[in-house]
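Student: one predicted model, sequence on top.
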Number of protein chains: 2
Amino acid sequence: MSDFKTNNNDMRLKPYRKDFTYSYSCGVFPTIELLTSCPDDVIKLIITEKGLSNSGVQKLITIAEQKGIPYTVDSKTAERLYPKENSYAIGAFNKYTCSLCPDKNHIVLVNPSDKGNLGTIIRTLTAFGIEDIAIISPAADIYDPKVIRASMGAVFKIRFQMFDSFDAYRKFLQDTVERSYFPFMLNGQPLETAKKPQSGVFSLIFGNEASGLDDSFLSIGTPVRIMHLDTVDSLNLTIAAAIGIYNFTQGDF
Amino acid sequence: MSDFKTNNNDMRLKPYRKDFTYSYSCGVFPTIELLTSCPDDVIKLIITEKGLSNSGVQKLITIAEQKGIPYTVDSKTAERLYPKENSYAIGAFNKYTCSLCPDKNHIVLVNPSDKGNLGTIIRTLTAFGIEDIAIISPAADIYDPKVIRASMGAVFKIRFQMFDSFDAYRKFLQDTVERSYFPFMLNGQPLETAKKPQSGVFSLIFGNEASGLDDSFLSIGTPVRIMHLDTVDSLNLTIAAAIGIYNFTQGDF
C-alpha cells in the first residue's frame, strides 16, 4: 500500500504521481514555506551541489537543523524527481489533509483543471488574507509539485478541503455562521454593485476555466459579474479570481 | 535577407524564430482574431485534417474566402510548426509594427520576461478597454506564438510599441496630452488612495517579474502599491496588472 519502504529518510523517492502518499516542493522559496509551515509533514530536504552557495539554501539548512528535519546533498535524486527545472532544493513531504474553518471567508473553485491556475490563485488569496479554499472535484491535484510551485509555497499556509460537489461543501458548513455566497458568472450583476457583506463571512465561487459555473449557481446567493468589454470572450480564471478577491478584501490591510 | 523564398503562399514556413519576419497564431480562436483584425498581414491559413469538422475552423474558412486569404489543409506543416499543441488551425502572418496612440491610456511593461505573462496581460487590458501597450526592452518577444496564444489573439486588436528605455517612451509621447503616470511599486502609496485622474489620460507602469521597478520610478508620477499581507513576497505580475487595470477602469463599462 505504501509508496515507500520505510517512513524515514532511507525511502527511495520517485517522481511524483497523484496516487502517492507523498509529494514535493521544488525550489528554494516554496521549500522554505514547507519547512516553516509544515515541519511535521516533511520527510526530507534534498539539496543540489550547486545550490550550496545559495543563501536561501543555507537558510533551509538552518531551519532543517533547528527542526530536526533530515537533509542530504543529492543532485542526482533532485534531477530525477523534478527534471525540467534546475531546482536548488526539493522538500519531500507526506500528503496531509486539512479541514476548512467554517466561520471564515472562503474561496470555492468548482472543477479547476489547470495546475498553474490553482497554484496562482492560492498565492493570490493568501496575499489578501483569505486562508481557506474549497475545491470541488474533479479538479487539478492540489498536491502536485506544479501547483505547489505556482503557489510559491503559499499552499502550505492555508486550509484546503476537497468536496465531491458544491452541495457537499454546503452540507459541511451546516450554516454555523451567516455566510454570503457570490458565484462569479457571466450573467451575474455587476461586481461593483455587490458590496462586501456588513456582517458574517463570504464565499467567492469560481467555475472551470473553459465552462465557468453552470446555471444552477444562479439561484445561489448573489451571482456577480466582472464587467468588461466583450472584445475578449471571458477573463482568464486567475485574473477573475484576483479581481474578485481584491474587490472583497480591499481596504482590509 | 528574407526568411522565405517568395512573398506568397508557396513559401516554406519554418518553426518560429525571433529573427524571422513572420510568425504564427496557433489555435482556432487566436487565428479568428488574426484574420478578422489584421487580414492584410496574413500570409496563409493552415488547417489540420481533424480540424475540418470544427465549427470554428469552418468560420475561419469563410473569413479567408471573404478576404481572399489563401488556405490549405496541411496537418504535417501544422505539426511541424507548432508540435506541442494539437492546433486545428494556424495563421502565418508577416510581422507588423504599430505606433501607440499618444493621447490614450497606456499600459507600460518594463522588461517583462515571461511570454505567457505578456500574453495574459494583453488579454486583460483589452477586456478593460485599454488598447495601447508600451514594452520597454529587453523583453519577451511579443510576436512569439506563445504570447499570441496566451493573449487569445487579443494582441491583434491592440497597438503595441517597443522602446529601448522608459525615457525613450516619454520622449515619444512629447507630452501632447495631460498624462498621469502610476508606477506600481512595493514602496508606493496604497492603490485605493490613488484615484483615476479627473482629466487627461494615464499610464500604468509595471516592472519585471523578478525585480519589479527600480527606485528611479519613485520620482515618476504617483507610485502606487497594491496593499496585501506580507504572507507572500509579491503578487504575480499578471495579477498585479489585472488589479491595477481593474482599479483604474472600474465603472467604465
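Tutor: Happy to help now that I have it. Residues are numbered from 1 along each chain as shown, chains lettered A, B, ... in the order given.
Student: now A:Phe160: which helix or strand?
Tutor: In the assignment (DSSP states H and E), A:Phe160 maps to strand A:159-163.
Student: what sits up against that strand?
Tutor: With C-beta atoms under 8 Å, 6 or more residues apart in numbering or on different chains as the test, strand A:159-163 has contacts from A:97-101, A:122, A:131-137, A:139, A:142, A:169, A:172. Quick note: C-beta positions are derived from backbone N, CA and C, even for glycine.
Student: mind doing that once more with 10 Å?
Tutor: A:97-101, A:104, A:106-110, A:118, A:122, A:131-139, A:141-143, A:168-172 (C-beta atoms under 10 Å, 6 or more residues apart in numbering or on different chains).
Student: now do the following helix or strand past it against strand A:159-163, angle only.
Tutor: Downstream of strand A:159-163, the first helix or strand assigned by DSSP H and E is helix A:166-173. Put simply, helix A:166-173 runs at 130 degrees to strand A:159-163, going by axes from the mean of the first three to the mean of the last three C-alpha atoms, to 10 degrees.
Student: and helix A:166-173, C-alpha only, in CSV?
Tutor: Coordinates of each C-alpha in helix A:166-173 appear next as CSV, following Å, rounded to 0.1, in the frame of the first residue of the first chain:
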residue,chain,number,x,y,z
PHE,A,166,-21.0,22.1,-4.1
ASP,A,167,-23.8,20.6,-2.1
ALA,A,168,-21.3,18.6,-0.1
TYR,A,169,-19.5,21.8,0.7
ARG,A,170,-22.6,23.5,1.9
LYS,A,171,-23.6,20.4,3.9
PHE,A,172,-20.2,20.5,5.6
LEU,A,173,-20.7,24.1,6.6
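Student: which strands or helices does the next helix or strand along the chain from that helix pack on?
Tutor: Using DSSP H and E, the helix or strand that follows helix A:166-173 in sequence is strand A:179-190. Judged by 3 or more C-beta pairs under 10 Å, 6 or more residues apart in numbering or on different chains; DSSP states H and E, the packing partners of strand A:179-190 are strand A:106-110, helix A:166-173, strand A:201-206, strand A:224-225, helix A:237-249.
Student: can I get those in CSV with mean pLDDT and distance to chain B?
Tutor: Shown next, in CSV, are the helices and strands packed on strand A:179-190 (pLDDT from 0 to 100; distance: least, C-beta to the nearest C-beta, whole Å):
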stretch, mean pLDDT, distance to chain B
strand A:106-110, 98, 14
helix A:166-173, 97, 24
strand A:201-206, 97, 14
strand A:224-225, 96, 10
helix A:237-249, 95, 4
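Student: sorry, back to before: which of the contacts of strand A:159-163 count as buried?
Tutor: A:100, A:104, A:106-110, A:118, A:122, A:131-136, A:139, A:141-143, A:169-170 (16 or more other C-beta atoms under 10 Å in any protein chain shown).
Student: assign A:Ile142 to helix, strand or coil.
Tutor: coil (DSSP: H, G, I helix; E, B strand; the rest coil).
Student: test my guess that it contacts A:Ile122.
Tutor: Yes. Under the criterion of C-beta atoms under 10 Å, A:Ile142 makes contact with A:Ile122 at 8.1 Å.
Student: any idea of the angle the strand holding A:Phe160 forms with strand A:106-110?
Tutor: 40 degrees.
Student: any chance you could list residues touching both of A:Ile142 and A:Ile122?
Tutor: Shared contacts of A:Ile142 and A:Ile122, counting by C-beta under 10 Å, 6+ apart, come down to A:Leu109, A:Ile133, A:Ile148, A:Ser151, A:Val155, A:Ile158, A:Phe160.
Student: which one (most neighbours) among these?
Tutor: A:Ile148 (30 neighbours; other C-beta atoms under 10 Å in any protein chain shown).
Student: show me what contacts that one?
Tutor: Going by C-beta under 10 Å, 6+ apart, the list of residues near A:Ile148 reads A:16, A:23-27, A:30-31, A:33-34, A:91, A:93, A:115, A:118-119, A:122, A:142, A:154-156.
Student: quick check: closest non-adjacent residue to the closest residue to chain B within the stretch 51-200 of chain A.
Tutor: Using C-beta to the nearest C-beta, A:Ala127 is the residue of the stretch 51-200 of chain A that sits closest to chain B, at 4.0 Å. Sequence neighbours aside, B:His228 is the residue nearest to A:Ala127 in space, at 4.0 Å (criterion: C-beta to C-beta, 6 or more residues apart in numbering or on different chains).
Student: element containing the one you found, please.
Tutor: Going by DSSP H and E, B:His228 is not in any helix or strand.
Student: count of neighbours near it?
Tutor: For B:His228, using other C-beta under 10 Å, the count is 22.
Student: just the one 10 residues further on next, same as before
Tutor: B:Thr238 is flanked by 26 other residues according to other C-beta under 10 Å.
Student: my guess is it contacts B:Gly119. True?
Tutor: Yes. Between B:Thr238 and B:Gly119 there is a contact under C-beta under 10 Å: 9.3 Å.
Student: mutual contacts of these two, please.
Tutor: Counting by C-beta under 10 Å, 6+ apart, the residues touching both B:Thr238 and B:Gly119 are A:Asn236, B:Ala150.
Student: what's the spacing between A:Arg179 and A:Asp252?
Tutor: 18 Å (C-beta to C-beta, to the nearest Å).
Student: have a look at those two and say which one is more surrounded.
Tutor: A:Arg179 (19 against 13).
Student: contact partners for that one?
Tutor: Contacts of A:Arg179 (C-beta under 10 Å, 6+ apart): A:102-106, A:170, A:173, A:197, A:200-203, A:221.
Student: what do you get if the cut-off is 8 Å, keeping everything else the same?
Tutor: Applying C-beta under 8 Å, 6+ apart, the residues near A:Arg179 are A:Leu173, A:Gly200, A:Val201, A:Phe202, A:Ser203.
Student: make JSON lines out of those residues and add neighbour count.
Tutor: As requested, those are arranged in JSON lines below (neighbours: other C-beta atoms under 10 Å in any protein chain shown):
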{"residue": "A:Leu173", "neighbour count": "15"}
{"residue": "A:Gly200", "neighbour count": "11"}
{"residue": "A:Val201", "neighbour count": "17"}
{"residue": "A:Phe202", "neighbour count": "22"}
{"residue": "A:Ser203", "neighbour count": "22"}
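Student: in TSV: those, plus distance to B:Ser75.
Tutor: Output for those, formatted as TSV (distance: C-beta to C-beta, whole Å):
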residue	distance to B:Ser75
A:Leu173	50
A:Gly200	56
A:Val201	53
A:Phe202	49
A:Ser203	46
